[in-house]
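Novice: how would this look folded up:
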Amino acid sequence: MPSEPPVHAGILVKPIPTRFWWLRRITVTAGLIILAVAAARWWWSAKAGHIYETEVARIKAAGEPLFPEDFLLPPVPQDRNAAPLLVKATQALVLNQGQTRLLKSLGRYKADVPRHLRELNQLMTASTAARSWVRQAGALPNVDWGSPGPSLNRASPSADFHQLSDCIVTAAYVAHLQGDDLETIRSLEDALSLAAHVAHYRTLSAAWLQLGTIDSVTTAIENLSPTLRFSRPQSETASSTRHASRQHGQQLINRLLDERPVREAFLWGVYAERALHFDTERRLSSGKDRTVSFQLAAPPVGQLERAYLSMVRPMLVIETCRRLRQFDRGLITGAKATYFSQVTPGSETAPRPGQGPTAYGFGGGSVLFSRDLHRTCFYQLARARLAAAALAIRMYELDHDERPASLQALVPDYLPCLPTSPLLESDSVLYYQKEGSVPRVYFAGPDPHAKTTLYLNGPSAGRESASQGAKSSS
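Specialist: Prediction:
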């Protein structure tokens, strides 16, 4: 007879099928795994939060901006604000297609200006109002482009400012050919003033425009300084008003030697770039839309992508903090360096001045960690110092009917002090070659093995082996 199921206290107990035993074990195991994953996820999130807070505290302790509100500037009274005048200048600059093509075709050295003088006179007439607004803006000490959004928009400054700057520098060449060197010097000052005001956008592209303008102005001085005419000190009142006075020459020299605004603009530009990428990744890691607080439009985050980002948020936070440290070791440290030789070597891919950086990325190996980005900044600072020395030599030559025997003769009447090179800490001396059709001033370049130098009034390429030249007395 088949065995009967056991009876305990009158209760019939049936055996549990085997498949339910396995289901219970699987359920318990899955629950334990979920609890373990949840605990690991909590620990991971806590660790990521701690790393994030540590990195933010480190940057804040250094007094550096990181969030959009850190870039807020105090409001500027309208009667002292140059921004509205510069906006009017861009609106007043209306060129036809032929004039725009001509302006671009002149290039950096403006060698074809004499050949197109008739067309350029028409272009100067069309840009008279715009250049007048820029000159009025140059007399105002402050600028307020509005904040926080526009001052942190990577797309600013617009191409109109690039065209306006190029137009003003071209006006300096045209004025020189027409014998009006006073207008030449004032136009070069206007270009530098425009770039300095636009640099208050506090973006890397704004700093790039400033560096590009310095390159254009110093190139103009390189080409024009051997034939610039300055009035003699004893006859300035009776001299032709078309000759530049020593006062205007000294003002341009002082502006070229005042590199504090240029360094600050470049540093704030890399700060803004770091803040832009940090804000983007911070919003993405929290599952928010890509439309960040820097007024950059992007496609919204979908639901599946939002769920995925929520799961891997600690990883994104930790990666963001790692890239912050990369940023500090790359751009930030290099932007604070006194000499280019102190910049840590990195990637060697960077855009040319005036074009604006376009290959952005918040990871290693991108253009943002390029040593050539810093090379451009330091080379333009060096060219500004060389241009100041070239102007001083020209004024001395006109006053004394001969070139100075050494650069020490320029101090203090023409230069406040002898400029030193921002390229090499070990060889920062300004070199001077008196002989030749034009005098040469140059610095030793950052690669001592190749003996590269940075010339002004020298080779058109700007760099050449230094095989001769006398060292200036200190």
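Novice: Now do the same for the nearest residue to Ala444 once chain neighbours are set aside: helix, strand or coil?
Specialist: With sequence-adjacent residues excluded and distances taken as CB to CB, 6 or more residues apart in numbering, Ala444 is closest to Asp427, at 4.4 Å. Glycine gets a C-beta too; all of them are placed from N, C-alpha and C. Using DSSP: H, G, I helix; E, B strand; the rest coil, the structure places Asp427 in coil.
Novice: and the helix or strand hosting Ala137, what does it pack onto?
Specialist: Of the helices and strands defined by DSSP states H and E, Ala137 is found in helix 128-138. In terms of contacts (3 or more CB pairs under 8 Å, 6 or more residues apart in numbering; DSSP states H and E), helix 128-138 is packed against helix 83-92, helix 159-177, helix 181-198.
Novice: Please give me every residue in contact with the residue nearest to Leu331 when sequence neighbours are not counted.
Specialist: Nearest residue to Leu331 in three dimensions, chain neighbours excluded: Val270, at 4.2 Å (CB to CB, 6+ apart). Listed by CB atoms under 8 Å, 6 or more residues apart in numbering, the contact set of Val270 reads 204, 327, 331-332, 335, 368.
Novice: any idea how far the stretch of helix or strand Tyr52 belongs to is from the chain center?
Specialist: Secondary-structure assignment from DSSP H and E places Tyr52 in helix 18-61. Taking CA atoms, centre = their mean, to the nearest Å, the mean C-alpha location of helix 18-61 is offset from the chain mean by 43 Å.
Novice: Check stretch 273-286 too.
Specialist: The gap between where stretch 273-286 is centred and where its chain is centred comes out at 20 Å by CA atoms, centre = their mean.
Novice: Over to stretch 396-405?
Specialist: From the chain centre to the centre of stretch 396-405 is a distance of 37 Å (CA atoms, centre = their mean).
Novice: can you give me the end-to-end distance of that stretch?
Specialist: Using CA to CA, to the nearest Å, the end-to-end distance of stretch 396-405 comes out at 11 Å.
Novice: Could you pull out the buried residues of that stretch?
Specialist: 396-399, 403-404 (16 or more other CB atoms under 10 Å).
Novice: wait, which of these is closest to Ser341?
Specialist: Distance ranking of these against Ser341, using CB to CB, places Pro404 first at 28.7 Å.
Novice: Surely that closest one forms part of a helix?
Specialist: No: assignment of Pro404 by three-state DSSP gives coil, placing it outside any helix.
Novice: Is it in contact with Tyr396, as I believe?
Specialist: Yes: when contacts are counted by CB atoms under 8 Å, Pro404 is listed as touching Tyr396 (5.0 Å).
Novice: what is in contact with the two at once?
Specialist: Leu410.
Novice: so is the nearest residue to Pro75 once chain neighbours are set aside in a helix, a strand, or just coil?
Specialist: Leaving aside its chain neighbours, Pro75 sits nearest to Asp144 (6.2 Å; criterion: CB to CB, 6+ apart). Three-state secondary structure (criterion: three-state DSSP) places Asp144 in coil.
Novice: domain ranges for this structure?
Specialist: Residue ranges for each domain of the chain read 1-63, 76-253, 268-376, as given by automatic domain parsing.
Novice: quick one, which of the ones you listed is nearest to Tyr442?
Specialist: Comparison of those against Tyr442 by CB to CB identifies domain 76-253 as nearest, at 11.3 Å.
Novice: and the helix holding Ala137, average pLDDT?
Specialist: Confidence for helix 128-138, expressed as mean pLDDT, is 96.
Novice: Look up how far Ala335 lies from the closest residue in space to Leu204 that isn't next to it in sequence.
Specialist: Setting aside the residues directly before and after it, Leu204 is nearest to Gly269 in space (CB to CB, 6+ apart), at 3.8 Å. Separation of Gly269 from Ala335 (CB to CB, to the nearest Å): 8 Å.
Novice: With neighbour numbers in mind, choose between these two.
Specialist: Set side by side, Gly269 and Ala335 show more neighbours around Gly269, with 25 against 20, by other CB atoms under 10 Å.
Novice: Now do the same for the more buried one: helix, strand or coil?
Specialist: Gly269 falls in the helix class when you classify it by three-state DSSP.
Novice: give the contact list for it.
Specialist: For Gly269, the contacting residues are 199, 202-208, by CB under 8 Å, 6+ apart.
Novice: Buried ones from the residues you listed, can you make that a ChimeraX selection?
Specialist: Selection command for ChimeraX covering only the buried members of those, criterion 16+ other CB under 10 Å:
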select :199,202,203,204,205,206,207,208
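Novice: Of all pairs in the contacts of Gly269, which one is the farthest apart?
Specialist: Set against one another by CB to CB, those have their most distant pair in Arg202 and Trp208, with a gap of 12.5 Å.
Novice: returning to what we had before: could you check the pLDDT of the residue nearest to Leu204?
Specialist: pLDDT for Gly269: 87.
Novice: Could you check how far it is from Ala191?
Specialist: Between Gly269 and Ala191 the distance is 19 Å, computed by CB to CB.
Novice: now Leu228
Specialist: From Leu228 across to Ala191, the span is 16 Å (CB to CB).
Novice: who has more neighbours, these two?
Specialist: Neighbour comparison, Leu228 and Ala191: the larger count goes to Ala191, with 27 against 19 (by other CB under 10 Å).
Novice: quick one: contacts for that one?
Specialist: In this structure, Ala191 makes contact with 165, 168-169, 172, 213, 216-217, judged by CB under 8 Å, 6+ apart.
Novice: What is the nearest of those to Val441?
Specialist: In terms of CB to CB, no member of those lies closer to Val441 than Val217, at 15.9 Å.
Novice: so the closest one is in which element?
Specialist: Per DSSP H and E: Val217 is located in helix 204-224.
Novice: go on, Val441?
Specialist: Secondary structure from DSSP H and E places Val441 in strand 440-444.
Novice: just the angle between that strand and helix 204-224, please?
Specialist: Angle between the axes of strand 440-444 and helix 204-224 is 140 degrees (criterion: axes from the mean of the first three to the mean of the last three CA atoms, to 10 degrees).
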